[in-house]
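S.K.: Test case, fold it:
(chains A and B)
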Amino acid sequence: MTATYELSHLDLLEAEAVHIFREVAATCERPALLFSGGKDSVVMLHVAAKAFWPAPVPFPVMHIDTGENFDEVVEFRDRTVERLNLQLIVSSVQDDIDAGRVVEETGPRASRNRLQTTALLRGIAANRFGAVFGGARRDEEKARAKERVFSFRDEWGQWDPRNQRPELWSLYNARHRKGEHLRVFPLSNWTELDIWSYIRDEGIELPPLYYAHRREVIERDGMLLANTRFLSLLEDEKPFMATVRFRTVGDATCTGCVESSADTAQAVVTEVAAARITERGATRADDRISEAGMEDRKKEGYF
Amino acid sequence: MVTGASTADVALILIDARNGVLEQSRRHAFLASLLAIPHLVICVNKMDLVDYSAERFDEIREDFRRFAMKLEIADLAFIPMSALVGDNVVQRSTAMPWYEGPPLLHHLEELYVASDRNLIDARFPVQYVIRPQSTDARLHDFRGYAGTIAGGVFKPGDEVIVLPSGFVTSVQAIWGPGGTPIDEAFAGQAVTLQLADHVDVSRGDLICRRANRPHSGQDVDAMVCWLSATSALAPGARYTVQHTTSATKASVRQLDYRLDVNTLHRDEAATELSLNEIGRVRLRTQAPLHFDPYRRNREMGSFILIDEATNSTVAAGMINWPSQQDSAVVWHEGAVKRDERASRGLTVWLTGLPGSGKSSVAVELERRLVASGRPAYLLDGDNLRHGLSADLGFSATDRAENVRRVGEVAKLLADAGVVAVVSLVSPYRADRDQVRAVHADAGLPFVEVFVDTPLQVCEARDPKGMYARARAGQLAGFTGVDDPYQAPASPELLLRPEDGDAPAQAATVLTLVERLGA
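M.R.: Residues are numbered from 1 along each chain as shown, chains lettered A, B, ... in the order given. So this is what the prediction gives:
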């Protein structure tokens, strides 16, 4: 009687995520996993691969492509998909712009971020996905915090925060009609620190942007932005070299980086443990809209 | 609160020291108890506004305890605090030297939650079947049953039975996520089992042990919290019931009562449950459910009801036990009400290691009660095994059944107005909690007394020479030696050797019994 039968904090989070993946695979028709190459989607895919071992992941991955990605991330995405032998579906914002379904913002501060909602809902409808896994976590910000693990979307892809299904124990209600779908968030209860600790413990590969490197940046609105071909400089902005890393990876026009010397997962864990603001508040121009703004965007069908 | 409480390990209830125990405090405590949150911490706040008075704190504590006797709370702690100035929040308060416990943060850090899971009854609801159907020869025939262990421990080689088919086979291998081989898989782990034989197993089936199976049946008796604002639960209505990994249809046979969560009054005339109302119902399901009472295992005893028209989750349910409706047994009401009897009964349950001195205390307690004119009766574990439980051995299942029988007899005695004094090792917490639940449901006080004599002392005493035989390998499964004793987390009374000899300890119990006014 010496065994204590205890699971570590990360083992518990992993067990919960594995349970959620299996539950969706067992109860939903045509699930898909949103994969951007960002760290949360990488961790999500890693857990999914473990959940179905020794079988391959039984669903495709979908990338909502703004057309303004970091080259390293697209390269990483393609390599990962090939390694795990997955089917990749790309739903592209550029297609929506070309077809006139959405109108692009103009000017130096233009971002295609909001336009992703159209490409996302179009991708879900075209493939008739019944459930879509997202990497959102409750610690990111308030609108995400109140969303359920199994989040029901009506036939317009919309979320009603005041009419969510109660979620008790580990009993998830995945029922929906044709045309409706579920967003499922297996990493809901993880924090940024959990994600990094897990990446460290599992030795998960990430796009190199996540670790400290030298690159040309500009400073805008108190954030450092990478100087890429997608960015139009304002008059007084002068690019300079800095040692930086990215805390999140999204559209190249709106993802900021931070000065950091953390070049390993352990060094990032140490840095995150000391950080006071979430990665989104700190480095995402797109998410620097008000909390109510994020809720509105989510109601429309955003990630 | 019900939703959050369903997965909580601990609940904090804040009480304003000026106002004391309010209706709201009682309501929250009741919900915590109903959802079986294992640990409850009562934070008596704003002590700075009552001059850090120890008397005021004691008064609130006693008031709350009196109410909590009617509930089922495994672990109850009280902390006097002032959140405003930080007394006993993170740092120990210097203003309340009379309080000897830890500050809140320290208490939370030290809470041991791993033992709250049921590690006795092996339960594996099959969630998903993994078949790679690979051309790879090593994987060609792989069939893995994936799921999260809902109770107990599984090991490769264990003989298991699959329900409902009844196929008996054994566990060939257990894999963790990503294919890590596992020697012992336990409650809470997400794993994949391979079975030795090719039997037909699919999602919704339950893998357990042959000698330790859950209840299986179509009629269940459950507490239900109604969660829908747009509809109400009414007898005759049909829903989809989702329980572990299985889903079937269910109809509401009967609404026994609606519970007033503030007063605990049972309204037996109620005809429906609307938003946030709680009641006891009898359900009949289309396919049998394989379940354990919620009190014994939260995962195996919980369910949700889904409205088939809207797909909404409309209720959360906790199974009490199988309902009698599937047999010809019908409850027959008597004509005598409890308060018409000559005296009010209760159960005093002495638990502890063999040789801890339970029986000596129990004998003395019975003697004193009878001497003072109270009807009392001693139920001694060893003696009962000569008759009532003569057919039982000492396996976990038999021990559970023994505790259940003694608990039922004690309940009948208490109902008849007698003080039932039970002296029984009753080593497993879940079994004792089940007896507590049976008493709570019958509205009878249950006083758990933990005779906390250290193992070395019990072994040195060894009044029946049993420890010596167990150590010599002549007795298997002896509590304290090679079978675990799970101490109560929050007994009504704790007796330690330093509290005096058996007569002194019996006097302490007697004082508590008298205070309960039984």
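S.K.: how long is stretch B:350-368 end to end?
M.R.: With Cα to Cα, to the nearest Å as the measure, stretch B:350-368 spans 16 Å from end to end.
S.K.: Could you list the buried residues of that stretch?
M.R.: B:350-366, B:368 (16 or more other Cβ atoms under 10 Å in any protein chain shown). To be clear about C-beta, it is placed using only N, CA and C from the backbone, and glycine gets the same treatment.
S.K.: where's the top helix by length along chain A relative to the chain centroid, distance-wise?
M.R.: What stands out as the longest helix in chain A, according to DSSP state H, is helix A:9-27. In terms of Cα atoms, centre = their mean, to the nearest Å, the centre of helix A:9-27 is set 18 Å apart from its chain centre.
S.K.: sorry, back to before: near chain A, which of the buried residues of stretch B:350-368 show up?
M.R.: Among the buried residues of stretch B:350-368, no residue is within reach of chain A (Cβ under 8 Å from any Cβ of the partner chain).
S.K.: Give me the subset of those residues that lies in strands.
M.R.: Mapping the buried residues of stretch B:350-368 onto strands (DSSP state E) picks out B:Leu350, B:Thr351.
S.K.: what ranges do the strands span in the stretch 1-150 of chain A?
M.R.: Along the stretch 1-150 of chain A, counting by DSSP state E, counting those that start in this stretch, strands occupy A:31-34, A:61-65, A:88-92, A:131-133, A:150-153.
S.K.: Relative to B:Ile182, how far out is the residue in the stretch 201-350 of chain B that chain A sits nearest to?
M.R.: For the stretch 201-350 of chain B and chain A, the shortest gap (Cβ to the nearest Cβ) falls at B:Asn311, measuring 4.0 Å. Distance, B:Asn311 to B:Ile182, by Cβ to Cβ, to the nearest Å: 36 Å.
S.K.: got it, and B:Leu510?
M.R.: Distance from B:Leu510 to B:Ile182, by Cβ to Cβ: 51 Å.
S.K.: got it, and B:Leu111?
M.R.: B:Leu111 is 27 Å from B:Ile182, by Cβ to Cβ.
S.K.: ditto for A:Met62
M.R.: For A:Met62 relative to B:Ile182 (Cβ to Cβ), the value is 33 Å.
S.K.: Of these two, which one has the most company?
M.R.: Using other Cβ atoms under 10 Å in any protein chain shown as the criterion, A:Met62 and B:Ile182 rank with A:Met62 on top: 24 against 17.
S.K.: Not counting residues beside it along the chain, what's closest to the more buried one?
M.R.: A:Ile89 (4.5 Å; Cβ to Cβ, 6 or more residues apart in numbering or on different chains).
S.K.: So the one you found sits against A:Ile64, correct?
M.R.: No - the criterion here is Cβ atoms under 8 Å, and A:Ile89 misses it with A:Ile64 at 9.9 Å.
S.K.: Find residues that contact each of these two.
M.R.: The overlap between the contact sets of A:Ile89 and A:Ile64 (Cβ atoms under 8 Å, 6 or more residues apart in numbering or on different chains) consists of A:Gly123.
S.K.: More neighbours: which of these two?
M.R.: A:Ile64 (23 against 16).
S.K.: Just checking: what are the partner strands of the strand or helix carrying B:Ile304?
M.R.: Applying DSSP states H and E as the criterion places B:Ile304 in strand B:302-306. Strands that pair with strand B:302-306, judged by DSSP bridges, come out as strand B:238-243 (antiparallel), strand B:313-322 (antiparallel).
S.K.: What residues of the next helix or strand after the first one count as buried?
M.R.: So that's strand B:238-243. Next along the chain after strand B:238-243, taking DSSP H and E as the criterion, comes strand B:246-259. For strand B:246-259, a neighbour-count test (16+ other Cβ under 10 Å) marks B:Ser246, B:Ala247, B:Ala250, B:Val252, B:Arg253, B:Leu255, B:Asp256, B:Arg258, B:Leu259 as buried.
S.K.: hey, what's the third one bridged with?
M.R.: In this entry, B:Ala250 is beta-bridged to B:Tyr239, B:Thr285, by DSSP bridges.
S.K.: Relative to A:Pro161, how far out is it?
M.R.: 30 Å.
S.K.: Show me the longest helix that occurs in chain B.
M.R.: helix B:396-415.
S.K.: what comes into contact with it?
M.R.: B:120, B:211-212, B:338, B:345-347, B:349, B:377, B:379, B:381, B:384-385, B:388-389, B:392, B:420, B:422, B:424, B:426-428, B:430-432, B:434-435, B:438-439, B:442, B:444-445.
S.K.: again, but for stretch A:113-121
M.R.: A:34, A:64-66, A:91-93, A:95-97, A:101-102, A:104, A:157, A:250-251, A:253-254, A:286, A:297, A:300-303.
S.K.: tell me which residues in that stretch are buried?
M.R.: A:Asn113, A:Leu115, A:Gln116, A:Thr117, A:Thr118, A:Ala119, A:Leu120, A:Leu121.
S.K.: Using TSV, lay out those residues together with pLDDT and distance to A:Ile20.
M.R.: TSV is the format used below for those (pLDDT from 0 to 100; distance: Cβ to Cβ, whole Å):
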residue	pLDDT	distance to A:Ile20
A:Asn113	78	27
A:Leu115	84	29
A:Gln116	88	24
A:Thr117	89	24
A:Thr118	90	27
A:Ala119	90	25
A:Leu120	93	20
A:Leu121	93	22
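S.K.: ok, now which ones touch A:Tyr198?
M.R.: Contacts of A:Tyr198 by Cβ under 8 Å, 6+ apart are A:Leu10, A:Leu13, A:Glu14, A:Val43, A:Trp190, A:Ile204.
S.K.: how far away is it from A:Val24?
M.R.: Relative to A:Val24, and taking Cβ to Cβ, A:Tyr198 is found at 20 Å.
S.K.: And for B:Val90?
M.R.: Distance from B:Val90 to A:Val24, by Cβ to Cβ: 41 Å.
S.K.: Based on its surroundings, how many neighbours for residue 140?
M.R.: Reading this off chain A. Neighbours of A:Glu140 (other Cβ under 10 Å): 21.
S.K.: Actually, chain B is the one I wanted.
M.R.: By other Cβ under 10 Å, the residues close to B:His140 number 11.
S.K.: Can you list which of the contacts of helix B:396-415 are found in helices?
M.R.: Going by DSSP H, the helices hold B:Gly381, B:Leu384, B:Ala430, B:Asp431, B:Arg432, B:Gln434, B:Val435, B:Val438, B:His439, B:Ala442 from those.
S.K.: Identify the residue nearest the first one in space, chain neighbours excluded?
M.R.: It refers to B:Gly381. B:Leu424 (3.7 Å).
S.K.: thinking again about what came up before, so which of the buried residues of stretch A:113-121 belong to helices?
M.R.: Those of these lying in helices (DSSP H): A:Gln116, A:Thr117, A:Thr118, A:Ala119, A:Leu120, A:Leu121.
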